[in-house]
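Undergrad: let me see the structure of the following:
(2 chains)
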Amino acid sequence: MRYLPHTDEDVRQMLATIGVESVEDLFVEVPEAIRLDRPLDLPPALSEAELMRELDRLAMQNASLNCWTSFLGAGAYNHFIPAVVDHLASRSEFYTAYTPYQPEISQGTLQAIFEYQTLVCQLTGMEVANASMYDGASATAEAALMAVRATRRKRLLISDGLHPEYRQTVAAYCRYLGLELVGLPLDSSGQTDLQALDDALDDRTAAVIVGYPNFYGVIEPLAAMAGPVHARKAMLVSATAEGIALGLLKSPGECGADIAVGEGQSFGLPVSYGGPGVGFFAARKKAVRSLPGRLVGETVDNRGQRGFVLTLSTREQHIRREKATSNICSNQGLCALMVTIYLSLMGKQGIREVAEHNLAKAAYARERIAELPGFNLPHSAPIFNEFVVECPMPAAELLARLEREGILGGVDLGRFDPAMSNRLLICVTEQNRREDIDRLVAGLKGGTA
Amino acid sequence: MSRVGTRGLVLNENLIFEVSTPGRRGYSLPELDVPPASLPDGLVRDEVEGFPELSEVDVVRHFTRLSTWNYGVDSGFYPLGSCTMKYNPKVNEVACRRPGLADLHPMTPDHLSQGALELMYQLQQGLAEVSGFSAVTLQPAAGAHGELAGMLMIRAWHESRGGGRTRVLIPDTAHGTNPATAALCGFEVVPIASSDRGVLTPEVVREHMDDSVAGLMVTNPNTLGLFETHIREICDIVHQGGGLVYCDGANLNALMGIARPGDMGIDVMHFNLHKTFSTPHGGGGPGAGAVGVAKCLEPFLPAPVVVKTDEGYRLDADRPQSIGRLRSFNGNFGVMIRAWAYLRSMGGDGLKRVSELAVLNANYIRARLEETFHLPYRQRSLHEVVFSDRQLGGDCHTLDLAKRLIDYGYHPPTIYFPLVVHGAIMIEPTETESKQVLDEFCDAMLAIARESEENPDLLHEAPRCTRTGRLDETRAARQPCLCWGPSE
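TA: Model (predicted):
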């Protein structure tokens, strides 16, 4: 019990001060009838050395990115993380702090969040951003709810190209709110069908939600969607699972999006089996008072110095209670800090350059795979670092073959839709060397490089 | 008396955008080993306007300096009530960064993620044992997210039986997220009052229970730090009336190994893994809000759920009655690893000792301060104790006391919550603080009470020893400035 400082003598003195005989006596308000009358049935406590050994036993049963060549993406991305990111975020003044309710002793967290909000605005081309949300999927659901509040309409058009787990999350959040969720099909290029969008838009539509890039890696024609959406006074929501794309693509703000959300894991966070990630959320200035989540604002102290505080919390659960616009309580403060550090290191040039590397590597892989007999590229629209391949056999069989070569070859799309069981979603990042890509191509072909 | 807080080396630091210098770079990339590629015109942006340009050392100094303006559990005592800020074991930090865990991709097939799935399964089982529930989901990303999962399951259960119940009873001692969560599930909130003894009575629940009530949301121990003595009877009343009971499990730190919510009749509860199970909160997260459920709610758990089969562990997404999915992938796995490491470090006896000492510490603080500070509820406290500012002198209020504590080197307790106590001061010491720390803290509280009589300006003008003085929160809200701009 190395985390418990009490000696027997401490306990004796404390009980004497309280005026009770034993620790048991402190629980008088817990009725006997509901007391646990046996010890908890848990494995015995482990020493630190035993704990690490058990952890390593578990870790070794996983096909990690450290030991395998991976082309997995689909919402979680393998990017290089500079040593500085974890080193600084590991300063315990950052990670052992709570929500900054006492601003005078939380300026480190508060200023970093203010910087994070600014970086998100710059990246998305928006005017306000919150202090982060749980992940890209829940941020998308919150964006849907915000659009419903802002427009007082009850219909949401959701592109079939939005990440399927994002779509499921939006559906779960909206399940009992009397909203209508309508899917928008993709056309043969892999983009949301603009004609279908036009047909589906009406005066009841609160928002159109589209992946940017979409789940299949395709870059959606966001700017072309904004006109018809705004003509119906609906809101355009872009959801970006691969944040690095925004280093190169026209920003959602520039394309006319009203809300830009997404996942920030690509910016310095490990994939960590899917979490924690960090949801970013940005919008136009006029929406500031209906934004969900936490906000940090600049102000001054009683000595005239610049400082930062949590602000506009009257929108929040702890003040308005049942009138609250969202139940979100914590944010992903530490993850937002990691994003802030990563983006500060990469800076103006770095974010562009790493995006260009992703684009080039994926383009190379895509071209090589397209040359293989029996393999096709079903989507003709431009892609960023991820793309779909139509295979001459079930994707599962190809993946099993690649596994024997130590390669995680991509995501079997049959997992989301049995009709796509011959399709693979392949992601290539700056972490994949040319020889890795050549091995993938050779493995798909049936031989070795 | 020792004074922890002293004036140290306080380095000034501008915003990262203000220390930027055009042309500097803080990164390196390998040489591009494939031909460059380009996108069609019209899809590509200009450079990201406003992004900073810095060397690595610029970035390191910037964030190192910022960190020194923060107070964390490792800096000192952090008695935030209902937030359970306990010591965060360092081995947990090593654990979650381990190769094989931090670098495991969530789309890795189950047969190549057996270690991660076994860890999740063990954590599910461990939490179920601690809480007395039949199943646990690890998917929700935070406490309030777990509440949402729990209340969606209650709603789905009612819908599966014909629906029609639209109201939820919520006591005035509940956490602030509870009413917001109920509203998000399409429920109407019915506030109910706790008794003058600070707990919920069977009578008031019976009075409100009818065919329109879907259930009750209760926090136990509640936000006054009191055990809901009648919980079993209250659960029976709700069940007999056709409803279910949700418990906010934020205060589970008081009960581990002592009593189990599942055994009390609770149907669904969230765990704050970042509170009870010692994950650092990181200035606002990440946390994790696992949810335990009674048998009747199992079919409604968010998908996927980790199951154990003869062939190994598997993520089961084939759950037709599931409420669906509340986020992408498998939840905050990094937080689960820390909670698992904590559970395995403590064992069953250790967890029970945690709760005993957390309660001992709270009652010790209460005993040392109750002569001087007004104690609105006199029942035996569990892991936290709530005072009010009624006995402070010199027109000093809770906020002044809190700010003065900073000068003494302490993070202030939770203030002005729960709302049922005017000027509430809510202290939760947790089990990881020693008698010496508690004594020094109590001495500081008593000294400040004296100061409020003798020299109240010391309180009104506090804090004095921090980098920033009291901040103008009204101005921040009236003229929101949420983003840096080069012109400002």
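
Undergrad: show the pLDDT at A:Arg315.
TA: Per-residue pLDDT puts A:Arg315 at 52.

Undergrad: kindly report the same for the one 3 residues further on.
TA: Turning to A:His318, the model gives it a pLDDT of 50.

Undergrad: from the chain's centre, how far out does the worst-scoring helix or strand of chain B on mean pLDDT sit?
TA: Lowest by mean pLDDT, DSSP states H and E among the helices and strands of chain B is helix B:177-184, with a mean of 89. Mean-position distance between helix B:177-184 and its chain equals 16 Å (CA atoms, centre = their mean, to the nearest Å).

Undergrad: helix or strand right after that helix?
TA: strand B:188-192 (DSSP states H and E).

Undergrad: now do stretch A:121-130: everything it contacts.
TA: A:116-118, A:120, A:243, A:246-247, A:250-255, A:257, A:260, A:262, A:280-285, A:287-288, A:291-295, A:331, A:343, A:351, B:48-51, B:482-483 (CB atoms under 8 Å, 6 or more residues apart in numbering or on different chains). From N, CA and C alone the C-beta is placed, and that goes for glycine too.

Undergrad: which segments of chain B make up each domain?
TA: B:2-68, B:90-346, B:350-471 (automatic domain parsing).

Undergrad: quick check: mean pLDDT of the first one?
TA: So that's domain B:2-68. 92.

Undergrad: burial count for residue 256?
TA: As the question left the chain open, I've gone with chain A. 18 (other CB atoms under 10 Å in any protein chain shown).

Undergrad: correction: the question concerned chain B.
TA: So B:Met256, with other CB under 10 Å, has 24 neighbours.

Undergrad: how much space separates it from B:Phe133?
TA: In this view, B:Met256 and B:Phe133 are 14 Å apart by CB to CB, to the nearest Å.

Undergrad: which element, helix or strand, includes B:Val420?
TA: Per DSSP H and E, there is no helix or strand for B:Val420.

Undergrad: residues contacting the closest residue to it other than its chain neighbours?
TA: In this structure, B:Val420 finds its nearest non-sequential neighbour in B:Asp172, 5.2 Å apart by CB to CB, 6 or more residues apart in numbering or on different chains. Taking CB under 8 Å, 6+ apart, we find B:Asp172 in contact with B:Pro191, B:Ile192, B:Ala193, B:Ser194, B:Pro418, B:Leu419, B:Val420.

Undergrad: ok, these vs chain A, which is closest?
TA: B:Pro191 (8.3 Å; CB to the nearest CB).

Undergrad: pretty sure the closest one contacts B:Ile170?
TA: Yes. With contact defined as CB atoms under 8 Å, B:Pro191 counts as touching B:Ile170 (5.9 Å).

Undergrad: which helices and strands sit right next to whichever strand or helix holds A:Thr169?
TA: Per DSSP H and E: A:Thr169 is located in helix A:164-174. The contact analysis (3 or more CB pairs under 8 Å, 6 or more residues apart in numbering or on different chains; DSSP states H and E) places helix A:164-174 against helix A:136-151, strand A:155-159, strand A:180-184.

Undergrad: make TSV out of these and add mean neighbour count and mean pLDDT.
TA: Shown next, in TSV, are the helices and strands packed on helix A:164-174 (neighbours: other CB atoms under 10 Å in any protein chain shown; pLDDT from 0 to 100):
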stretch	mean neighbour count	mean pLDDT
helix A:136-151	26	96
strand A:155-159	24	98
strand A:180-184	16	98
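
Undergrad: much appreciated, bye for now.
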